[in-house]
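J.: below: sequence and its predicted model.
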Amino acid sequence: TLSGYFLDGRIDGAISLDGRLSPSALQRCKDHGLSDRIVFLCEWVEGQTFPVISSDNVEGARLAIRHLHGLGHRKIAHVTGPDGNVLTAARREGMVAERALHGLPAQPDWIIRGDFSLESGHDAAQKILAMRDRPSAVFCSADMVAFGLIAGLLKGGLRVPEDISVVGFDDIEMSEYYVPALTTIRQDRHFLGRRAAEVLLDRLTGAGSVSGPEAPVPVELIVRASTRPPSS
């Protein structure tokens, strides 16, 4: 368990990227006076007071939809992350809010469940290919999902971006070199990691007392070759 690592003397502090840690595991850490030794990075557990360093996932999703709307897309699908994940919820919240702002249609089957993996993107492509009323653009919850989606669409005879535009989220290194190069939302991963380390070290040395989420770290839309105005 997490508390066990501390109590055994194996670690002095922890930066957690796991938003699935159970409340009971975190409560055990609190019971042993370990609250100042844990920082959450990127993902977090709702209802806790541990410091959280994360990107502005809501605004990132809004930027993606705003970009597609600005190109002229009105039929925009979304491939989500896994159920119960805080990033899934935040990115879907931003997508829904921006879509509503522009009065875009909200067909239920245009929200496709994924899990941040290549496979879930490929599976989503099969669902889109089978639709009678296909979207003209897709916002994916992660770049890996977008890669799987594009591969599946191409196998099914749809070209990206000529027939359908695709936006990812993360801007991992492959996004720039994929074909087509992926339009995506860039997270400042170096800043996020550095800031999480700073907060943890400050808490371990008594120099800081940050609790709860910090202000979300701004994200950036990176426009590449996977998006263009709709063909019709």
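T.: Thanks, I have the structure now.

J.: which ones are touching the nearest residue to Arg92 once chain neighbours are set aside?
T.: Nearest in space to Arg92, with sequence neighbours left out and distances taken as C-beta to C-beta, 6 or more residues apart in numbering, is Thr80 at 5.8 Å. Where you see a C-beta, it was placed from the backbone N, CA and C, and this is true even at glycine. Thr80 makes contact with Thr88, Arg91, Arg92, Ile111, Ile112, Arg113, Gly114, Ser141 under the criterion C-beta atoms under 8 Å, 6 or more residues apart in numbering.

J.: check the gap between Thr80 and Val58 for me.
T.: Distance from Thr80 to Val58, counting by C-beta to C-beta, to the nearest Å: 14 Å.

J.: domain ranges for the chain?
T.: 2-54+188-216, 57-186 (automatic domain parsing).

J.: and the end-to-end length of the longest one?
T.: Yep, that's domain 57-186 we're talking about. 10 Å (C-alpha to C-alpha, to the nearest Å).

J.: for this structure, just list every one of the strands.
T.: Per DSSP state E, the chain carries strands over the ranges 14-16, 38-41, 52-53, 76-79, 111-112, 137-140, 165-167, 184-186, 220-222.

J.: contact partners for the nearest residue to Gly94 once chain neighbours are set aside?
T.: In space, and not counting its chain neighbours, Gly94 is closest to Ala61: 3.0 Å by C-beta to C-beta, 6+ apart. Contacts for Ala61 were tallied using C-beta under 8 Å, 6+ apart; they are Ala90, Arg91, Arg92, Glu93, Gly94, Met95, Glu98, Phe139, Phe169, Ile185.

J.: which among those residues end up buried?
T.: Ala90, Arg91, Arg92, Gly94, Met95, Glu98, Phe139, Phe169, Ile185 (16 or more other C-beta atoms under 10 Å).

J.: burial measure for the nearest residue to Lys155 once chain neighbours are set aside, as a count.
T.: Nearest residue to Lys155, sequence neighbours excluded (C-beta to C-beta, 6+ apart): Ala125, at 7.6 Å. Using other C-beta atoms under 10 Å, Ala125 has 25 other residues around it.

J.: what's near enough to touch Ala125?
T.: Counted by C-beta under 8 Å, 6+ apart, Ala125 has contacts Gly148, Leu149, Ile150, Ala151, Gly152, Leu153, Lys155, Gly156.
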